[in-house]
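Colleague: just to be clear, the model below is a prediction. Sequence and coordinates:
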Amino acid sequence: MKNVLYLCTQNSARSIMAEAVTNYKYNDELNGFSAGSDPLGAINPNALQLLNEMKIPIDKLYSKSWDLFGEKGSPKMDYVVTVCNNAANETCPIWPGAPKTFHFNIEDPVKQNLNEDDHKKFFRSTFDYIDQLIKENLLK
């Protein structure tokens, strides 16, 4: 079982969706976590709605700082994945165990200026893209 930490600045949508899909679909190979450099402290409502509609558990999801994963006793990460350019360009902490790093350049669904239906579709396509990137890069 490999631990993977998904990082994004606010930890409210992309990284949360990556954590959720990892723990729902790939929990036989991966254990997903997410965090942010400047966490919003709340999950985006559109991300929550999508996960609920897909019947993906959300009870353990919350927006949190990446500092949590540098503390003593935190899980050792095998992979650290940035899912946005902001997080990729920030100075990340030194992760214990020197995990393999990846960057998934995923457009922010939160910042799209779309009508409600198109916004929901954009969130779904973002979710599907995250799922594809996980399959292509993190699974054996």
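Modeller: Structure's in. What do you need?
Colleague: and the helices in the protein, which stretches?
Modeller: Under the criterion DSSP state H, the chain contains helices at 14-25, 45-53, 85-89, 116-137.
Colleague: just name the most buried of these.
Modeller: helix 14-25 (a mean of 25; mean count of other C-beta atoms under 10 Å). The C-beta positions use only the backbone N, C-alpha and C, and glycine is treated the same way.
Colleague: show me what the mean pLDDT comes to for that one.
Modeller: The average of the pLDDT scores along helix 14-25 is 97.
Colleague: so that helix versus helix 45-53, what angle?
Modeller: Between helix 14-25 and helix 45-53, the angle comes out at 10 degrees (axes from the mean of the first three to the mean of the last three C-alpha atoms, to 10 degrees).
Colleague: and helix 14-25, what does it pack against?
Modeller: Helices and strands touching helix 14-25, by 3 or more C-beta pairs under 8 Å, 6 or more residues apart in numbering; DSSP states H and E, are strand 2-8, strand 30-36, helix 45-53, helix 116-137.
Colleague: what's the offset of it from the middle of its chain?
Modeller: Relative to its parent chain, helix 14-25 has a centroid offset of 6 Å by C-alpha atoms, centre = their mean, to the nearest Å.
Colleague: which ones are touching the spatially most central residue of the chain?
Modeller: Geometric centre of the chain, nearest residue: S15, 1.8 Å, by C-alpha atoms, centre = their mean. Contact analysis of S15 by C-beta atoms under 8 Å, 6 or more residues apart in numbering lists 6-8, 34-36, 83.
Colleague: fine by me, thanks again.
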